[in-house]
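Student: everything below, folded, please.
(2 chains)
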Amino acid sequence: DAGITQSPRHKVTETGTPVTLRCHQTENHRYMYWYRQDPGHGLRLIHYSYGVKDTDKGEVSDGYSVSRSKTEDFLLTLESATSSQTSVYFCAITGNSYNEQFFGPGTRLTVL
Amino acid sequence: GESVGLHLPTLSVQEGDNSIINCAYSNSASDYFIWYKQESGKGPQFIIDIRSNMDKRQGQRVTVLLNKTVKHLSLQIAATQPGDSAVYFCAENWDSGAGSYQLTFGKGTKLSVIP
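Tutor: Residues are numbered from 1 along each chain as shown, chains lettered A, B, ... in the order given. This is a model prediction of the structure:
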């Protein structure tokens, strides 16, 4: 997975609790992305980062925040988890080409 | 970004036959179009891309065709193998401003290879 890890890999939580997912890369790449994947919707961009402390919203950013204090780490926080945020979350980095994103193994999040 | 969609959600192909996966796009301003493959339980994996000023590009056993007139993209897989069974996504790369690029993915087509 091109030096990308995600933690945790699986999480079950309750509605209303905060949740933080971590993406860690060892490739020193500038761009990092968070996607969610749901049946019938494919992959949808939540937030992305183009450098330390530089982030921007994607298509489905409501209810999510991100932080990037170091090049290697990109955190996704669900401020108050809802059942609609039950999904598989993928982190990605951009390689030498903007077209080629390398994806992490994913985090399966279930909000009860 | 504008939407990227697919004509067929599922495709079953006999092993050894050629596969064709189709995709329609709507954003004619995209610079590149890309195909990704996702195997069960894994993240998507880049297969091949094509620049918007090209109409064909070949890789190893794969060919991508771009028809800008009808905004259509296709992925052809030659001599399909069981290991090709996966979900295939088309995506478009567009400039979201200030040099930041985003990928917009289609909903995916599931390819099943029959041994």
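Student: the strands in chain A, which residues?
Tutor: Taking DSSP state E as the criterion, chain A contains strands spanning A:4-7, A:10-13, A:19-25, A:32-38, A:42-51, A:54-57, A:64-70, A:73-78, A:87-94, A:101-103, A:107-111.
Student: chain center to the fourth one: distance?
Tutor: When C-alpha coordinates are averaged (Cα atoms, centre = their mean, to the nearest Å), strand A:32-38 and its chain have centres 5 Å apart.
Student: partners of it, with directions?
Tutor: strand A:42-51 (antiparallel), strand A:87-94 (antiparallel) (DSSP bridges).
Student: report the buried residues of the longest one.
Tutor: Buried residues in strand A:42-51, counting neighbours by 16 or more other Cβ atoms under 10 Å in any protein chain shown, are found at A:42-50. C-betas here are computed from N, CA, C, even on glycine.
Student: so, low pLDDT: which residues of chain B?
Tutor: Filtered on pLDDT under 70, chain B yields the residue ranges B:1-8, B:97-100.
Student: near chain A, which residues of it are found?
Tutor: Contact residues (Cβ under 8 Å from any Cβ of the partner chain) of chain B with chain A: B:1, B:32, B:34, B:41-46, B:49, B:89, B:93, B:96, B:99-108.
Student: end-to-end on stretch B:93-108?
Tutor: For stretch B:93-108, the separation between the terminal residues is 16 Å (Cα to Cα, to the nearest Å).
Student: got phi/psi on the closest residue to chain A within chain B?
Tutor: Distances between chain B and chain A by Cβ to the nearest Cβ are smallest at residue B:43, namely 2.9 Å. Per-residue torsions, residue B:43: phi -80, psi 160 (degrees, to the nearest 10).
Student: and it, how many neighbours?
Tutor: Counted with other Cβ atoms under 10 Å in any protein chain shown, the neighbours of residue B:43 add up to 24.
Student: returning to that earlier point: which of the residues of chain B next to chain A are buried, as a ChimeraX select command?
Tutor: This is the ChimeraX syntax for the buried subset of the residues of chain B next to chain A, where burial follows 16+ other Cβ under 10 Å:
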select /B:1,32,34,43,44,45,46,49,89,93,96,101,102,103,104,105,106,107,108
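Student: now intersect the residues of chain B next to chain A with the strands, please.
Tutor: Among these, the members that lie in strands (by DSSP E) are B:32, B:34, B:45-46, B:49, B:89, B:93, B:96, B:100-105.
Student: let me see the contact set for residue B:29.
Tutor: residue B:94 (Cβ atoms under 8 Å, 6 or more residues apart in numbering or on different chains).
Student: name the SS class of it, please.
Tutor: coil (DSSP: H, G, I helix; E, B strand; the rest coil).
Student: just to revisit the earlier point, how about the contacts made by the residue lying closest to the residue of chain B closest to chain A once chain neighbours are set aside?
Tutor: Leaving aside its sequence neighbours, residue B:43 sits nearest to residue A:103 (Cβ to Cβ, 6 or more residues apart in numbering or on different chains; 2.9 Å). Residues near residue A:103 by Cβ under 8 Å, 6+ apart: A:1, A:4, A:90-92, B:42-45.
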